[in-house]
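1. Quick one, what's the 3D model for this:
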Amino acid sequence: MKSKIINTTSIFVSLTLLFLAACTPGGDKNAGALSGNLAERSYVAPGEHDEFYAFISGGFSGQLAVYGLPSGRLFKVIPVFSTDAEKAYGYNEETKAMLNTSFGFVPWGDSHHPDISQTNGVLDGRWVFINENNTPRIAKIDLTTFETTEIIEIPNSAGNHSSSFVTENTEYVVAGTRFSVPVPQRDMPINEYKGNFKGALSFIKVAPEDGEMNIEFQILMPGFDYDLSHPGRGKSHGWFFFSTYNSEESSTLMEVNASQNDKDFIAAVNWKKAEEYIAAGKFKTVPARYAHNIYDEKTHTASTTWGKEVRVLDPAELPGLVYFLPTPKSPHGCDVDPSGEYIVGNGKLSANLTVHSFDKMLSAIEGEKFDGEAYGIPILNFEDVLAGTVVQPGLGPLHTEFDGKGNAYTTFFISSEVVKWKLGTWEVIDRKPTYYSVGHLMIPGGNSRKPFGKYVVAMNKITKDRYLPTGPEVTQSAQLYDITGEKMELLLDFPTIGEPHYAAGIPADMIKPRSRKIFKLEENEHPYAAKSERETKVTRDGNVVHVNMTMIRSHFAPDNIEGIKVGDKVYFHVTNLEQDYDVPHGISMIGANTSELLIMPGQTETFVWEPKQVGVWPFYCTDFCSALHQEMQGYVRVSDKNSNIKLSWSLDGE
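-> Next comes the predicted model:
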């Protein structure tokens, strides 16, 4: 086994050195340098707006970051799968439920692939969906507020990686398992993996009016690893394509044992046919416990409901549901061009790029041109579905995006470059280095019928020597290329939050008009909201105290509270009376485990304080809100637990 590993490593090193030697002798000495007017093309003057929003995943941060293009400026980190102290997400009582799972409260996730909602195959700017890899979940972010409003857990799944891509009318968001597992989960020997472990492909229905998600059905697949996916579009609408690796069904030393077969597969799933089978009752209902967390924008509070079952389809018993397209070798990316004709499978260990034809796939299915089957799923003949091959474009191909002008752009991890090639002729047109070890790339709208082919963003795994050193965890980065000409031009690189797995981009003009500007107090239905200072109060029920408080520039009401006792459990329900979107307030209470809240206009948020010492304890505003921000403060008097001091509260002594 040792010699096998050494030989594999030696081959990779030799190929890399040969490729770099071939590509760079006497090359451009200024490759990657900003020269001439390149810097001006990414410059956005003070007060001006960027042309595009880029939503870049935070990877192991669990969050989603919003950047402007072409400036590369970071605008916001949207909390999704991890607690966020800046915005009190997962800390205040209202949002804790967003992080509920069947495994309990999970405060830190692993976010990977954002995708923007579409209508007729074109981005519509309503929602962003993003997956969590470790604890399988899909989240929805509302782009009127840039807030996470829903998270649904995915049962029968592990390593929710080939997610969260949407069909071209946002009928479905998919969630494909990376790690196959026993379904249902049970105690069994790992070495009995083959034939016993399964991979679930989940199709999550999206309600067109509000985007609410529901697990419509799952397809129980053979125990391969399901890596990336993309929907069909145009002529291939109604299909979904998933790359697979580990067709060997190995469970140990995967870098060797999952790389033995010359070809793995792209799974072509006919979800329109799945709908027919569901309607005909051709499914099994299996028990499954999973959390469905929804944030109510009227009550400003999240709640969890528990799913108890899912509908499962077995492709071995349902003809026409799934077909396998052989694809060399250990494919990672699985990308569909704007026309829906070409399906690009990037085998990480292949010297070439393989492009499948949708039309040829349909002909092969009709003619039953099969090369065997895998667990009852037909395998199509490789040559019968092949559209073309891009010959030796680079080393370590991963992902492909499209500019809508007949060109494709593929990242190469080992040779650290983006390569531009022509659909149909398969010729390489251009290549540009990245710094370094690029993973995903993104063209705004590149995963749609209408890409906005002005820029490509490359997301790099390594930035050694690109930035000032900051310790052992060096920032990862994105790089911006202008792709309006025949040759790509590097304009900018900028550091990112966490690991930038993938991104989704959209013109700012498609979102800005939808951005909510006024938050009306009369729409606040939080049960403890105080919509005016007249409604503020402090009430006691045993040792539980509720404080209904308001905040406005530049005071709290009440700002003096007495009669609290050691051992009380005090709930501060604080309503921001401002209604203009850019006037949040904060509140921090000494000794509170939550520490502070950041409360948006018109909203009510809650924190819990359990005083353990007698004394007079201050609270104050933490978000600079006016010239008198420093004066925005108050006090709580805490007495001994046996004190007879009655509750009282006041503002300006009244």
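2. Strands along the stretch 1-150 of the chain, start to end?
-> Ranges of strands in the stretch 1-150 of the chain, per DSSP state E, counting those that start in this stretch, are 52-57, 64-69, 74-78, 100-101, 104-105, 115-119, 122-132, 137-142, 147-153.
3. could those go into TSV alongside mean neighbour count, mean pLDDT and distance to Leu380?
-> Quick note: C-beta positions are derived from backbone N, CA and C, even for glycine. Compiled in TSV, the strands of the stretch 1-150 of the chain are given as follows (neighbours: other Cβ atoms under 10 Å; pLDDT from 0 to 100; distance: least, Cβ to Cβ, whole Å):
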stretch	mean neighbour count	mean pLDDT	distance to Leu380
strand 52-57	26	98	33
strand 64-69	23	98	37
strand 74-78	17	97	41
strand 100-101	20	98	38
strand 104-105	11	98	44
strand 115-119	22	98	27
strand 122-132	24	98	28
strand 137-142	25	98	30
strand 147-153	23	98	33
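4. Any chance of a markdown table for those, columns distance to Val616?
-> Supplementary listing: the strands of the stretch 1-150 of the chain in a markdown table, determined by distance: least, Cβ to Cβ, whole Å:
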| stretch | distance to Val616 |
| --- | --- |
| strand 52-57 | 46 |
| strand 64-69 | 41 |
| strand 74-78 | 36 |
| strand 100-101 | 37 |
| strand 104-105 | 34 |
| strand 115-119 | 51 |
| strand 122-132 | 44 |
| strand 137-142 | 41 |
| strand 147-153 | 36 |
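5. neighbours of the residue nearest to Asp482 when sequence neighbours are not counted, just the number please.
-> Computed as Cβ to Cβ, 6 or more residues apart in numbering, the closest residue to Asp482 that is not its neighbour in sequence is Glu489, at 4.5 Å. As a burial measure, Glu489 scores 17 neighbours (other Cβ atoms under 10 Å).
6. so Ser180 sits right up against Gly195, yeah?
-> No: using Cβ atoms under 8 Å, Ser180 is not in contact with Gly195, being 10.8 Å away.
7. more neighbours, the two?
-> Neighbour count, other Cβ under 10 Å: between Ser180 and Gly195, Ser180 has more, with 25 against 10.
8. Which residues are in contact with that one?
-> By Cβ atoms under 8 Å, 6 or more residues apart in numbering, the contact list for Ser180 reads Ala158, Tyr193, Phe197, Lys198, Gly199, Pro222, Gly223, Phe224, Asp225, Glu249.
9. ok so, going back, mind listing what the residue nearest to Asp482 touches?
-> Leu38, Lys432, Tyr481, Asp482.
10. could you redo those residues as a markdown table and give each row pLDDT?
-> Conversion of the contacts of Glu489 to a markdown table gives the following (pLDDT from 0 to 100):
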| residue | pLDDT |
| --- | --- |
| Leu38 | 82 |
| Lys432 | 97 |
| Tyr481 | 98 |
| Asp482 | 97 |
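11. quick check, nearest of the residues you listed to Asn293?
-> Closest approach between the contacts of Glu489 and Asn293, by Cβ to Cβ: Tyr481, at 38.0 Å.
12. For the closest one, identify the helix or strand it belongs to.
-> Tyr481 is located in strand 477-482, with elements delineated by DSSP states H and E.
13. who does that strand touch, helix- and strand-wise?
-> Packing contacts for strand 477-482, counted by 3 or more Cβ pairs under 8 Å, 6 or more residues apart in numbering; DSSP states H and E, involve strand 455-460, strand 489-495.
14. Show residues contacting that strand.
-> 38, 41-42, 54, 56, 67, 69-70, 72, 418, 432, 434-435, 454-460, 463, 466-467, 488-496, 500, 503.
15. For ChimeraX, write the select line for the buried members of these.
-> Selection command for ChimeraX covering only the buried members of the contacts of strand 477-482, criterion 16 or more other Cβ atoms under 10 Å:
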select :41,42,54,56,67,69,70,72,418,432,434,435,454,455,456,457,458,459,460,463,466,488,489,490,491,492,493,494,495,496,500,503
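16. Where do the helices of the stretch 151-300 of the chain begin and end?
-> Ranges of helices within the stretch 151-300 of the chain are 254-257, 271-279, based on DSSP state H, counting those that start in this stretch.
17. For the longest one, name the packing helices and strands.
-> It refers to helix 271-279. strand 213-221, strand 239-245, strand 301-313.
18. got a list of what Ser554 touches?
-> Here Ser554 is in contact with Cys621, Cys625, Ser626, Ala627, Leu628, His629, Glu631, Met632 (Cβ under 8 Å, 6+ apart).
19. Out of those residues, which end up buried?
-> Buried subset of the contacts of Ser554 (neighbour count, 16+ other Cβ under 10 Å): Cys621, Cys625, His629, Met632.
20. Would you mind measuring from the last one to Thr622?
-> As judged by Cβ to Cβ, to the nearest Å, Met632 and Thr622 stand 10 Å apart.
21. Can you tell me the SS state at the nearest residue to Glu368 once chain neighbours are set aside?
-> Distances taken as Cβ to Cβ, 6+ apart place Pro378 nearest to Glu368, at 7.9 Å, with adjacent residues excluded. With DSSP: H, G, I helix; E, B strand; the rest coil as the basis, Pro378 sits in strand.
22. picking up where we left off before, including distance to Ser650 and mean pLDDT, could the helices and strands packed on strand 477-482 go into TSV?
-> Output for those, formatted as TSV (distance: least, Cβ to Cβ, whole Å; pLDDT from 0 to 100):
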stretch	distance to Ser650	mean pLDDT
strand 455-460	55	98
strand 489-495	49	96
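23. For those strands, could you give me JSON lines that also reports distance to Asn293?
-> Below are these laid out as JSON lines (distance: least, Cβ to Cβ, whole Å):
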{"stretch": "strand 455-460", "distance to Asn293": "28"}
{"stretch": "strand 489-495", "distance to Asn293": "31"}
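24. Find the residues that touch each one of Ser180 and Gly195.
-> With Cβ under 8 Å, 6+ apart as the test, Ser180 and Gly195 both reach Gly223, Glu249.
25. Summarise which helices and strands the host helix or strand of His332 is packed against.
-> Per DSSP H and E: His332 is located in strand 331-336. Contacts defined by 3+ Cβ pairs under 8 Å, 6+ apart place strand 331-336 against strand 225-231, strand 239-245, strand 264-270, strand 342-347, strand 397-402.
26. Where among those strands is average confidence lowest?
-> Comparing mean pLDDT over these, the weakest stretch is strand 342-347, at a mean of 92.
27. Show the subsequent helix or strand relative to that strand.
-> strand 353-357.
28. got the angle for that next one vs strand 397-402?
-> Strand 353-357 and strand 397-402 meet at an angle of 50 degrees, taking axes from the mean of the first three to the mean of the last three Cα atoms, to 10 degrees as the criterion.
29. Other residues contacting the helix or strand following strand 353-357?
-> Following strand 353-357 in sequence order, the next helix or strand is helix 358-366 (DSSP H and E). Contact with helix 358-366 is made by 232, 235-236, 239, 268, 320, 323, 325, 340-343, 369-370, 378, 380-381, 384-387, as judged by Cβ under 8 Å, 6+ apart.
30. which stretch of helix or strand covers the nearest residue to Glu401 once chain neighbours are set aside?
-> Distances taken as Cβ to Cβ, 6+ apart place Gly446 nearest to Glu401, at 3.6 Å, with adjacent residues excluded. In the assignment (DSSP H and E), Gly446 maps to no helix and no strand.
31. Stretch 71-82 spans what distance, first to last residue?
-> 27 Å (Cα to Cα, to the nearest Å).
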